[in-house]
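*Asks:* Next comes the sequence, and after it the predicted model I'd like to discuss.
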Amino acid sequence: MSQTLKLRRYREAPDNLYAIVIEPREFRVEVYARSRDWQPTILTRADDPIEMPEFGLRCVVADLYRGTPLDPR
C-alpha cells in the first residue's frame, strides 16, 4: 500500500488525531494533525520537538531513533 493511500485512510478515520511517518534512514519525521487540517509538519533535526498534547506526549525526534544506527547518544 502506498504512503499516500495510508495517509488518506488515517485521515478518514474519525477517531484519529494524528498520522506520523518516520523515515528509517535519516532524521525525518512527518507529523500530520487533524487540528492543523492534516497539513504536515516536517521535522529533520534530532532536537526538533514532537508534541501531542491530547496524549500528554512531548519528546524530540532523536527519541524515536533510540536503539537504531541513527541514535545520536
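*Replies:* Yep, that arrived. In this text, all values refer to a predicted model and were calculated from it rather than measured experimentally.
*Asks:* all contacts plus neighbour counts: C-alpha atoms, from now on.
*Replies:* OK.
*Asks:* in this structure, which helix or strand is least confident?
*Replies:* When the helices and strands of the chain are scored by mean pLDDT, DSSP states H and E, helix 3-12 comes last with a mean of 88.
*Asks:* Buried residues, the helix or strand following that one. List them.
*Replies:* Using DSSP states H and E, the helix or strand that follows helix 3-12 in sequence is strand 18-22. The neighbour-count check on strand 18-22 (16 or more other CA atoms under 10 Å) flags 18-19 as buried.
*Asks:* average pLDDT across strand 18-22?
*Replies:* What strand 18-22 shows for mean pLDDT is 94.
*Asks:* For the helix or strand following it, C-alpha coordinates in PDB please.
*Replies:* For strand 18-22, the following helix or strand on the C-terminal side (DSSP H and E) is strand 29-33. Extracted C-alpha coordinates of strand 29-33, given in PDB (Å, rounded to 0.1, in the frame of the first residue of the first chain):
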ATOM      1  CA  VAL A  29       9.500  12.700  10.800                       C
ATOM      2  CA  GLU A  30       6.300  14.000   9.200                       C
ATOM      3  CA  VAL A  31       3.500  14.700  11.700                       C
ATOM      4  CA  TYR A  32       0.000  15.200  10.300                       C
ATOM      5  CA  ALA A  33      -2.500  16.600  12.800                       C
END
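*Asks:* what mean pLDDT would you report for strand 29-33?
*Replies:* 96.
*Asks:* sorry, back to before: could I get the CA-only coordinates of the least confident helix or strand of the chain as PDB?
*Replies:* The C-alpha atoms that make up helix 3-12 are tabulated as PDB, following Å, rounded to 0.1, in the frame of the first residue of the first chain:
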ATOM      1  CA  GLN A   3       2.200   6.000   1.700                       C
ATOM      2  CA  THR A   4      -0.300   8.400   0.100                       C
ATOM      3  CA  LEU A   5      -3.100   5.800   0.400                       C
ATOM      4  CA  LYS A   6      -2.200   5.000   4.000                       C
ATOM      5  CA  LEU A   7      -2.200   8.700   5.000                       C
ATOM      6  CA  ARG A   8      -5.600   9.100   3.300                       C
ATOM      7  CA  ARG A   9      -7.000   6.200   5.300                       C
ATOM      8  CA  TYR A  10      -5.600   7.500   8.600                       C
ATOM      9  CA  ARG A  11      -7.100  11.000   7.900                       C
ATOM     10  CA  GLU A  12     -10.500   9.500   7.100                       C
END
